[in-house]
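J.: Kindly return the folded structure for what I paste below:
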Amino acid sequence: MTPDATYAESVTRAWQKTMDFSSLLETASSLEAAGQPHLAAVLYQTWLSRNESPYAYAAHFNCALSLANAGDLQGAEAAYRKSIEIHPGFAQPRLNLGMLYERMGRPEQALQEWIWVEQNISAAQKENVPFVVMALNNLGRLQESRKQFADAYAYLTRSLAIDPNQPDALHHWVHIRQKQCIWPVYAELPGISLQAMQQATSALAMLSISDDPAAQLAAARRFVQKKVAAPTRVLAPGGGYGHKKLRIAYASSDFCLHPVSMLMVELFELHDRSQVEVYGYCWSPEDGSAMRQRVIAAMDHFHRIDALSDADAAELIRSHEIDVLIDLQGQTSGARPNMLGLRPAPIQITYLGLPATTGLPSIDYVIADPFLIPQEFAPFYSEKPLYMPDIYQVSDRKRLVGAIPTRAQCNLPEDAFVFCSLNNNYKYTSEVFDTWMRILTRTPGSVLWLLSDNRWAQENICKEAAARGIGPERLVFGGRLSPENYLAQYACADLFLDTFPFNAGTTANDALWMELPLLTYCGRSFASRMAGALLTAAGLPELITYNLQAYEEKAVDLAHDPDHCKALKTQLAEVKKSGVLFNTPLFARNLEDRLRTLVAGLQTASVQ
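T.: Numbers count the residues shown, from 1 in each chain. Okay, here's the model as predicted:
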């Protein structure tokens, strides 16, 4: 019997009321497995319209799953609602309905479904625990993405109290503490050891906890072991393609108003089209920004791959015979390691997205410079450093700068020495904050200008300052601004105080571009050497320190010597005009030279 005939017979049996519930499930499951959810949905609908059964609530639930898989989201919503109507205490359709609402862009309704489960299903009954935990974790995840950090933290704390053995929930819990400046980051939780917290810490969260490159590598490898599928095949030929023009591809979910694009866009524009062809593979939001339009215009070939599976996206990249694929994600949100694992290009490189090793076996190189990754630390990277001669970080010289504000417009005192650290709040640590408060104590009348990333972080920062004897008048918080106005405000500061162990990256580039001296504390890891690399390229090693005591002393000395700060600003103005730090055309040529050498090496090895 043909598949069509078999399906027709099944629908006929459902119509004639001769198909029992177990046969319905078996047949529908086989249709789902065959990639035909629309046919499974029709079978469920036929059976439900013709049969009365105590299992109707479950059939409606399964029908909703099939409809959702077939892309009929409104139909799925109605089916879930019918399942709930028949069996109001059934938790699963509410959990799935929340996911459906999130998919439909209706987050408030998603939250309400999960809140209902958390409030009405008792975790005291063992069989209910997975449902309550799932609801709490979904609430925490969605509220974190909406930057409602206090709610997210409360939900995840409740989830971990019910089931402490949840590394994924724990790693979000740790990072949410960082985002709110709740110190110490590792805190006691019933049933969870300090070691378990450390083991659960994500590669991104680890950047603000330790400058130990071995710890960074371990965190990256844990992620790969748990989350990345073993590759089933290698798509690209090992010897490359032998193209006359080098085909360079950039892959990212950040081709929008994002720091990665804000640094890289001019590089895309400046590639030598007589020697290079530039491809972009994008799964970024369509944010309508001028930055996104500029990125798209800078590519010779631009492809959206968000609707493609990792396997299909890899096949597309392979079909374009890309010589070098540069991934701009690492392990950051939106990463597609399983796409990279299929080796769609013979040479694959990581750049900028994650300032640490990726731990991914499919990544061959990391773009670096000798200061950023000294040879002694190279063994702690799963990638081989691809050394640029001057600086690892590219810059956009076309970035727009708004009208320079007055200090009063930034809520800053006119006659004070203004320290600033406009980094993301999760980079702030208690150890560096201690030092900042001592610097303020030793510099009467000075203020510290910080980013107001979220109100919970601001409240906690003020409490921490008060505990160290610093009043609220010594702290000034600035909100997020448009890129051009954000840059302009740097003219109102006297000295940028860097964070540690997660240095400023794009923020350091911006401050130096605006001729604001930056004082950094340099460690061993990639993230703790970023600002030092920029200062080395700028010819300002005097602003690089290697312990907190030296950092504190240098900050205080500079605050008491405003003429020295002015001289540093003059030096940065010269760097901007003629130094290597912001020489994007030179960076482009150096990068192309190194990529050509890598490709030539493949071809030579293949011949041998």
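J.: doesn't residue 367 fall inside a helix?
T.: No. According to DSSP: H, G, I helix; E, B strand; the rest coil, residue 367 belongs to no helix; its state is strand.
J.: Pull the number of nearby residues for it.
T.: When counting by other C-beta atoms under 10 Å, one arrives at 22 neighbours for residue 367. C-betas here are computed from N, CA, C, even on glycine.
J.: so how far is residue 518 from it?
T.: 22 Å (C-beta to C-beta, to the nearest Å).
J.: ok, now residue 15?
T.: Counting by C-beta to C-beta - residue 15 and residue 518 are separated by 74 Å.
J.: These two: which is more packed in?
T.: Legend: neighbour count by other C-beta under 10 Å for residue 15 and residue 518, higher for residue 518 (28 against 14).
J.: Quick one: name whatever helix or strand follows the stretch of helix or strand residue 567 belongs to.
T.: Assessed by DSSP states H and E, residue 567 sits inside helix 562-578. Scanning forward in sequence from helix 562-578 by DSSP H and E, the next helix or strand is helix 584-607.
J.: Now do that next one, average pLDDT.
T.: For helix 584-607, the mean pLDDT works out to 89.
J.: Packing partners of it?
T.: strand 246-252, helix 259-270, strand 324-327, strand 347-350 (3 or more C-beta pairs under 8 Å, 6 or more residues apart in numbering; DSSP states H and E).
J.: right, and those - which one's nearest residue 144?
T.: Residue 144 sits nearest to helix 259-270 of all the helices and strands packed on helix 584-607, at 19.6 Å, using C-beta to C-beta.
J.: Which strands or helices does that closest one pack on?
T.: strand 246-252, helix 290-298, helix 506-513, helix 584-607.
J.: Pull out the CA atoms of it and give them to me as CSV.
T.: Coordinates of the C-alpha atoms in helix 259-270 are reproduced here as CSV (Å, rounded to 0.1, in the frame of the first residue of the first chain):
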residue,chain,number,x,y,z
PRO,A,259,29.6,47.0,19.1
VAL,A,260,30.9,44.3,16.7
SER,A,261,29.6,46.1,13.7
MET,A,262,30.5,49.5,15.1
LEU,A,263,34.1,48.4,15.2
MET,A,264,34.2,46.4,11.9
VAL,A,265,32.1,48.2,9.3
GLU,A,266,34.9,50.2,7.8
LEU,A,267,37.0,47.0,7.4
PHE,A,268,34.3,45.5,5.3
GLU,A,269,34.3,48.7,3.2
LEU,A,270,38.1,48.8,2.9
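J.: Any idea how many residues pack against residue 174?
T.: Neighbourhood size, residue 174 [other C-beta under 10 Å]: 22.
J.: Residue 25 belongs to a helix, doesn't it?
T.: Yes. Assessed with three-state DSSP, residue 25 lies in a helix.
J.: For it, which residues are in contact?
T.: residue 62 (C-beta atoms under 8 Å, 6 or more residues apart in numbering).
J.: Do you know the pLDDT at it?
T.: At residue 25, pLDDT is 94.
J.: What distance do you get for it to residue 96?
T.: 17 Å.
J.: Now do stretch 272-287: distance to the chain's middle.
T.: 20 Å (C-alpha atoms, centre = their mean, to the nearest Å).
J.: Just the CA trace of that stretch, in PDB.
T.: These are the backbone C-alpha positions of stretch 272-287, laid out as PDB (Å, rounded to 0.1, in the frame of the first residue of the first chain):
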ATOM      1  CA  ASP A 272      40.800  45.500  -1.600                       C
ATOM      2  CA  ARG A 273      38.200  44.400  -4.200                       C
ATOM      3  CA  SER A 274      40.900  43.700  -6.700                       C
ATOM      4  CA  GLN A 275      42.200  41.000  -4.400                       C
ATOM      5  CA  VAL A 276      39.300  40.100  -2.200                       C
ATOM      6  CA  GLU A 277      35.600  39.200  -2.500                       C
ATOM      7  CA  VAL A 278      33.600  39.800   0.700                       C
ATOM      8  CA  TYR A 279      30.600  37.700   1.900                       C
ATOM      9  CA  GLY A 280      28.300  38.200   4.800                       C
ATOM     10  CA  TYR A 281      26.200  35.500   6.500                       C
ATOM     11  CA  CYS A 282      23.700  37.100   8.700                       C
ATOM     12  CA  TRP A 283      21.100  36.000  11.400                       C
ATOM     13  CA  SER A 284      20.800  39.500  12.900                       C
ATOM     14  CA  PRO A 285      17.700  41.500  13.800                       C
ATOM     15  CA  GLU A 286      16.400  43.900  11.200                       C
ATOM     16  CA  ASP A 287      16.800  46.900  13.500                       C
END
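J.: Name the residues of it that are buried.
T.: Going by neighbour count (16 or more other C-beta atoms under 10 Å), the buried part of stretch 272-287 is 276-285.
J.: Show me what it is in contact with.
T.: So stretch 272-287 is contacted by 243, 245-258, 268, 271, 292, 295-296, 298-306, 313, 316-317, 320, 322, 334, 336, 588-589, 592, 596 (C-beta under 8 Å, 6+ apart).
J.: Might you list the low-confidence residue ranges for the stretch 51-200 of the chain?
T.: For the stretch 51-200 of the chain, no stretch is flagged by pLDDT under 70.
J.: before we move on, back to that, just so I know, which of the helices and strands packed on helix 259-270 lies nearest residue 36?
T.: strand 246-252 (31.9 Å).
J.: who's in contact with that closest one?
T.: Strand 246-252 has contacts (C-beta under 8 Å, 6+ apart) with 241, 260-261, 264, 268, 271, 275-284, 299, 317, 320-329, 334, 336, 339, 345, 353, 592, 595-596, 599.
J.: could you flag which of the residues you listed are buried?
T.: 241, 260-261, 264, 268, 271, 276-284, 299, 317, 320-329, 336, 339, 345, 353, 592, 595, 599.
J.: Considering only helices and strands, which part of this structure has the lowest mean pLDDT?
T.: helix 3-15 (a mean of 87; mean pLDDT, DSSP states H and E).
J.: need the strands for this protein, in chain order.
T.: 246-252, 276-282, 301-304, 324-327, 347-350, 365-368, 384-387, 418-421, 447-451, 475-478, 495-497, 518-521, 544-545 (DSSP state E).
J.: Let me have those in JSON lines, adding mean pLDDT and distance to residue 127 as columns.
T.: As requested, the strands of the chain are exported to JSON lines (pLDDT from 0 to 100; distance: least, C-beta to C-beta, whole Å):
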{"stretch": "strand 246-252", "mean pLDDT": "98", "distance to residue 127": "43"}
{"stretch": "strand 276-282", "mean pLDDT": "98", "distance to residue 127": "44"}
{"stretch": "strand 301-304", "mean pLDDT": "98", "distance to residue 127": "43"}
{"stretch": "strand 324-327", "mean pLDDT": "98", "distance to residue 127": "43"}
{"stretch": "strand 347-350", "mean pLDDT": "98", "distance to residue 127": "44"}
{"stretch": "strand 365-368", "mean pLDDT": "98", "distance to residue 127": "47"}
{"stretch": "strand 384-387", "mean pLDDT": "98", "distance to residue 127": "51"}
{"stretch": "strand 418-421", "mean pLDDT": "98", "distance to residue 127": "50"}
{"stretch": "strand 447-451", "mean pLDDT": "97", "distance to residue 127": "46"}
{"stretch": "strand 475-478", "mean pLDDT": "97", "distance to residue 127": "48"}
{"stretch": "strand 495-497", "mean pLDDT": "98", "distance to residue 127": "53"}
{"stretch": "strand 518-521", "mean pLDDT": "98", "distance to residue 127": "52"}
{"stretch": "strand 544-545", "mean pLDDT": "98", "distance to residue 127": "57"}
